[in-house]
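**Student:** I'd like to go over a predicted model; first the sequence, then the structure.
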Amino acid sequence: MYTMSHVDLPPQRAAVLAFLRRELAAGRAPSLADIAGAFGFASRNAAQKHVQALVADGLLEQAPGQKRGLRLPGGMADLLPLPVLGRVAAGQPIGADIGLDEQLWLDRRLFSPQPDYLLKVQGDSMIDDGIVDGDLVGVHRTPEARDGQTVVARIDGELTIKRLQRERRRIRLLPRNPAHAPIEVQPGQDFAIEGVYCGLVRRG
């Protein structure tokens, strides 16, 4: 299940919250007109709807009767905005279904190192490592990984999550489920490490 700090936001509302976080952290308290101008809204009403929804979600606080009375709740400093960018196979590799599905605000303490994005797991090849179908895995974007690390790898344009095994003359991607066979990277295959696994969240 998600932690209490998890919040699902539509992409535009997430962008408004990110804007407000930057402005408030810099000591500026934007007005509704400022928000509307920053996002090209036709009127302040659209900005007000986003602000009211964020206040209702507990992601903003607003002092009554003040036009610039917005502030961040105390726990917001621990939240990290992460885009969900598609699916990754825990089984046979699948096409790189990359495109912004949603954005989540998650407790940054769930991850190490800090992830750049989330991918939804499809399949059961990593269940012995506690990664199951439907999980959202955090991925730290890097082309380098050590032997034994769990990685998101691209093979001939398709993505998979597996444990990396580097040997002197070969690279293997190991499942963590005895029902699945290892993937051996063949000479000449288009292979790249997209990132390393750094934690997960699970929908309740």
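**Tutor:** Nice, I can see it.

**Student:** any idea how this protein splits into domains?
**Tutor:** For the chain, automatic domain parsing gives the domain ranges 9-72, 79-201.

**Student:** what is the end-to-end distance of the last one?
**Tutor:** From its first residue to its last, domain 79-201 covers 14 Å (C-alpha to C-alpha, to the nearest Å).

**Student:** give me the mean pLDDT for it.
**Tutor:** Throughout domain 79-201, pLDDT has a mean value of 89.

**Student:** same deal with the first one?
**Tutor:** Mean pLDDT, computed over domain 9-72, is 85.

**Student:** contacts for the longest helix along the chain?
**Tutor:** Identified as the longest helix of the chain according to DSSP state H is helix 11-25. With contact meaning C-beta atoms under 8 Å, 6 or more residues apart in numbering, helix 11-25 is reached by 9, 29-30, 34-35, 38-39, 47, 50-51, 53-54, 59-60, 70-72, 76, 81, 100, 102-103, 105. (Each C-beta comes from the backbone N, C-alpha and C, glycine too.)

**Student:** in PyMOL, select just the buried ones from the residues you listed.
**Tutor:** The PyMOL selection below is limited to those of the contacts of helix 11-25 classed as buried (16 or more other C-beta atoms under 10 Å):
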select buried, resi 9+29+30+34+35+47+50+51+53+54+59+60+70+72+76+103+105
